[in-house]
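> okay, sequence plus prediction incoming.
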Amino acid sequence: MKEIILKYYLPVFGMTLIPIVPPLVINYNTPELGEMILWLSIMSIVLTLVLGTFQYKFGDRINTKRKKKQIKKDLFQRFISNGFSNNEVSVSGYFKDYFLVISPEKDEFQPNKWLEIEIIFNPKQQGQFIPVYVFQKLHKLKRKEYTWNSNSLVIKKVYGFKLPKYDKIIAILDKAITDLKNNNIESIDYQNWNHSIGESLNHYKQISTFKN
């Protein structure tokens, strides 16, 4: 239940507060302020319940349908024609020996759109988990689109009305893999990576995510 509230209702509640705050600020010194707070609060709760419930029942289905439509576009079809797998809502495959997944993402209640690219890598170097100082070094590269995890790199490529061109994404992948190789972070096949997740996360339970 907690996960449902956090995923579907809390974002809606946050959005309902945006148009409510300005009237309260403007009228903070009026006798009707208390009544205004009451009615705006009721409105916020009602909208949260209605829109949150709609999102809970239909949001995932709508998002899946949107992703399937995006996968049919040229960018993803180029990857598929070059050997990537079509997962209906994403494409996945190997690029320069590194396994990666590319999916089209979008904010539920805002126009923000982006490509999420996850590149997985071996969480170990010479049989030992990658030292913290390596991630600190990567952090200093100041790649704003990067989120470093203990066993993967997630790139968030924001775009506007049109999907980025294939060549532009390839350039992003080239740069990311150069960063990995320059720091002796090796590739790993998906099956072995999947088996290593539990051990990797346990080892990095306090420092598992490194963000720019």
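Structure's in. What do you need?

> domains in this protein, as residue ranges please.
Structurally, the chain divides into domains by automatic domain parsing as follows: 2-69, 72-211.

> pick out the shakiest of the ones you listed, pLDDT-wise.
Among these, domain 2-69 carries the lowest mean pLDDT, at a mean of 76.

> Ile172 and Ile188, how far apart?
20 Å (CB to CB, to the nearest Å). For glycine as for every other residue, the C-beta is placed from the backbone atoms N, C-alpha and C.

> next SSE after the helix or strand where Leu115 lies?
According to DSSP states H and E, Leu115 maps onto strand 113-120. Next helix or strand after strand 113-120 toward the C-terminus (DSSP H and E): strand 124-125.

> how far off centre is stretch 97-107?
9 Å (CA atoms, centre = their mean, to the nearest Å).

> wait, what's in contact with the residue nearest the centre of the chain?
Closest residue to the average C-alpha location of the chain: Glu116 at 5.8 Å, with CA atoms, centre = their mean. By CB atoms under 8 Å, 6 or more residues apart in numbering, the residues touching Glu116 are Val101, Ile102, Ser103, Pro104, Glu105, Val154, Ile155, Lys156, Lys157.

> ok, what's across the strand from it?
Taking DSSP bridges as the rule, Glu116 bridges to Ser103, Lys156.

> if we can go back for a sec, would you mind checking which of the contacts of Glu116 is nearest to Lys57?
Glu105 (20.8 Å; CB to CB).

> wait, the closest one touches Lys113, no?
Yes: judged on CB atoms under 8 Å, Glu105 makes contact with Lys113 at a distance of 7.1 Å.

> okay, the domains of the chain, which one's buried deepest?
Among the domains of the chain, the stretch with the highest mean neighbour count (mean count of other CB atoms under 10 Å) is domain 72-211, at a mean of 15.
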